[in-house]
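Undergrad: Sequence below, structure please.
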Amino acid sequence: MNVEINSLQERVDPDSGCGPLLGSATGAVLPLRQQIFEFVRARGQAARADITHALGISGGSATTLTADLISGGCLREVESHIRETGRGRPRVALEVVAERAYVIGVKLAFNCHTAVVADFTGAVIADASMPSADHSRSVDDTVQEVADLIETLLGNADIDRAEISAIGIGLPGMVDHETETVLWSPLLKDSGSLFSDALAQRFDVPLLIDNDANMLTLAELWFGEGRAMSDFAVVTVESGVGMGLVLGNRLYRGARGMGLELGHTKVQLDGALCRCGQRGCLEAYVADYALIREAATALGQLTNLGQTPADVLKSLLKQAEAGHETSRAIFQRAGSYLSLGLSNVVQLFDPEMIILSGERMQYDYLYAQEVVATMRSLTLNEGREPCRVTVNAWDGLVWARGASALALSQVTASLVCEARAA
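TA: Now for the predicted structure:
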C-alpha cells in the first residue's frame, strides 16, 4: 500500500501545453472556435487534421475557424516536429500566440503572499513573493499588499500593467465566485465584500476571486496530474483544511459557491473549538493552530520561549521524529482525524484520486501508511480498486498558478470572441 509523493514540476512537461486534456472544464458546450483554441493550447501544438479528428468536424470548418483565430492573433502556424507519414517533410501545425495576452495569479495567505505572470499559453513568465502578517488585517492593508506584490511582480517580468488582461486571486475563506465577493476570510478583519470593492477600485482589469483550495485544484486540472482525469479531489492542510473537487472534468463549487468546506465538516459533536466559532470541525484537529493548541496543552514550555507558530511546529516535529511519545501522539491524533475526513470524501464523491497538498504535507505523519490504511478501512471498497492517494510536495507558486488559470479562462473566452468579430 503505497502513497505516491510527487512535485507538480516533476509531473508536468512544460512543453506539452496546459489545460484539461479531456475537453473544456466549464461544464457548458463551448463555441466550436473556443473548443479548437483550447484543444491546441492543451497539446502545445496541433495540426488541422488532429483538430478535425478529435472534435469530429469537417476539414472546411477547421480551416475557416482556425483562420479566424489566426487573424485574431490567438493562433499562428508553425513547423510541426511531427513529419508527414511517407513524405518526410514537416506538417504545418498551430500553436497559441504566447504574447497575445498576459494574466496575473495571486495567492494570499498568512506569512507569505505569492504571485505569477503567465502568458496566453499558461507559461509562467515571472514570479514574486512577499512576507505577510500571521494574523488578520484590514481590507485597506490587504489591498495595499496586493498592489505592492503586483508592482514587484511586473518589475520582475519587465511587463507594463497595461499589458495585463485579468487578475485571478485566491485566498482562504468563503467566496461567492459568481459575484466575486468574499463572504468571509480569516485573513480579513473587515467585511469581505469591502475587499472585493476595494480591489475593483484599485485595478482597472477584470478580477476573478475564489477560494484558495479551488485555485490549487485548478492548478492540478490545468497543469498537473488532473489534466487527464475527469474526477478527483484535492485536500489541503495548512493554517486551515481546504478541499477542491473536479467532477465530470469541471471544478465543482456547489449551488451557492460555498461547497466543499471539508475543514468545517463535523468529526465530533461538541468537540474542539474551531476558528469559525463552531465546535467539532475537522480543521480544529488537523490545522496548524490545532497542533499548536495541543502542544501548548501537553508541552507548554514550547510556547513560553517567544517562538513563532512555525517555530513551535518545527520543534514539535523534531521531538516527534526523535521519538518523544507525547509529540508523536499529537501528530498521530491529527492523522487519525484526517483519515476520517478523507474517508468521507471517498464515500461521498468516489474520486479517482485524492491529492494531498499544502505546507503541512511536510509532516509525514499526516500521510503515513496508517492514515491511508485507516481511511480505506472506513470506506466501502468491496469489489473495486481503492481510491489512490498522492501527495503533492508543497510549492507556494502552485496556488498562484491556479489563480492564473482562472484568469486565463476569462481572457480566453473574451479574445476568442474578438477573433470571431475580426
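Undergrad: C-alpha only now, for contacts and for neighbours.
TA: Noted.
Undergrad: can you list the weak-confidence ranges in the stretch 151-300 of the chain?
TA: Low-confidence segments of the stretch 151-300 of the chain (pLDDT under 70): 257-258, 300.
Undergrad: can you give me the helices for it?
TA: In the stretch 151-300 of the chain, helices defined by DSSP state H, counting those that start in this stretch lie at 192-202, 212-223, 283-286, 288-298, listed in chain order.
Undergrad: Can you pull out the residues in contact with the first one?
TA: What it means is helix 192-202. Applying Cα atoms under 8 Å, 6 or more residues apart in numbering, the external contacts of helix 192-202 come out as 139-140, 143, 180-185, 207.
Undergrad: What's the local residue count around the residue nearest to L154 when sequence neighbours are not counted?
TA: Spatial nearest neighbour of L154, chain neighbours left out: D160 (6.6 Å); criterion: Cα to Cα, 6 or more residues apart in numbering. Neighbourhood size, D160 [other Cα atoms under 10 Å]: 10.
Undergrad: on that earlier part again, among the helices of the stretch 151-300 of the chain, which comes closest to S336?
TA: Proximity to S336, assessed across those by Cα to Cα, is greatest for helix 283-286 (9.2 Å).
Undergrad: Tell me the helices and strands packed up against the closest one.
TA: Contact partners of helix 283-286 among helices and strands, from 3 or more Cα pairs under 8 Å, 6 or more residues apart in numbering; DSSP states H and E: helix 288-298, helix 325-349.
Undergrad: Run through the neighbouring helices and strands of the shortest one.
TA: Secondary structure elements in contact with helix 288-298, counted by 3+ Cα pairs under 8 Å, 6+ apart, are helix 283-286, helix 309-321, helix 325-349.
Undergrad: buried residues in it?
TA: 288-295 (16 or more other Cα atoms under 10 Å).
Undergrad: Check stretch 145-165 too.
TA: Buried, per 16+ other Cα under 10 Å, within stretch 145-165: 145-146, 149-154, 157, 159, 164-165.
Undergrad: The closest residue to L187 other than its chain neighbours and A310: what is the separation?
TA: Distances taken as Cα to Cα, 6+ apart place S136 nearest to L187, at 4.3 Å, with adjacent residues excluded. Computed as Cα to Cα, to the nearest Å, the S136 to A310 distance reads 17 Å.
Undergrad: So for V235, what's the nearest residue that isn't a sequence neighbour?
TA: Setting aside the residues directly before and after it, V235 is nearest to M243 in space (Cα to Cα, 6+ apart), at 4.5 Å.
Undergrad: which ones are touching the residue nearest the centre of the chain?
TA: Residue closest to the mean C-alpha point of the chain, counted by Cα atoms, centre = their mean, is L216 at 1.2 Å. Taking Cα under 8 Å, 6+ apart, we find L216 in contact with 234, 244, 398-403.
Undergrad: check contacts around the residue nearest to L187.
TA: The contact partners of S136, by Cα under 8 Å, 6+ apart, come to 186-189.
Undergrad: That one and D190, how far apart?
TA: 9 Å.
Undergrad: ok, how many other residues are close to S132?
TA: 16.
Undergrad: How about the one 5 residues further on?
TA: Neighbourhood size, R137 [other Cα under 10 Å]: 15.
Undergrad: I figured it hits L187, correct?
TA: Yes. Applying Cα atoms under 8 Å, one finds R137 in contact with L187, separated by 6.2 Å.
Undergrad: What about E325, how many residues nearby?
TA: Close neighbours of E325, defined as other Cα under 10 Å, add up to 11.
Undergrad: Ok, D141 next?
TA: 11.
Undergrad: Which positions in stretch 218-225 come out as buried?
TA: So for stretch 218-225, counting by 16+ other Cα under 10 Å, buried means 218-225.
Undergrad: of all those residues, which two lie farthest apart?
TA: Across the buried residues of stretch 218-225, the longest distance by Cα to Cα is 10.9 Å; it joins L218 and E225.
Undergrad: Now do the contacts for the nearest residue to E321 once chain neighbours are set aside.
TA: Spatial nearest neighbour of E321, excluding adjacent residues (Cα to Cα, 6+ apart): R328 at 7.5 Å. The contact partners of R328, taken as Cα under 8 Å, 6+ apart, are 317, 319-321.
Undergrad: do the same with G17
TA: Contacts for G17 (Cα under 8 Å, 6+ apart) come out as 40-45, 121-122.
Undergrad: Among these, which are located in helices?
TA: Judged by DSSP state H, the subset of the contacts of G17 located in helices is 40-43.
Undergrad: Please indicate which of the contacts of helix 192-202 has the highest neighbour count?
TA: The most crowded member of the contacts of helix 192-202, judged by other Cα under 10 Å, is V182 (24 neighbours).
Undergrad: how near is that one to V411?
TA: 22 Å.
Undergrad: what do you get for S377?
TA: 45 Å.
Undergrad: Comparing these two, which shows the higher neighbour count?
TA: Set S377 next to V411 and count neighbours by other Cα under 10 Å: V411 wins out with 20 against 13.
Undergrad: dump the residue contacts of that one.
TA: 101, 165-166.
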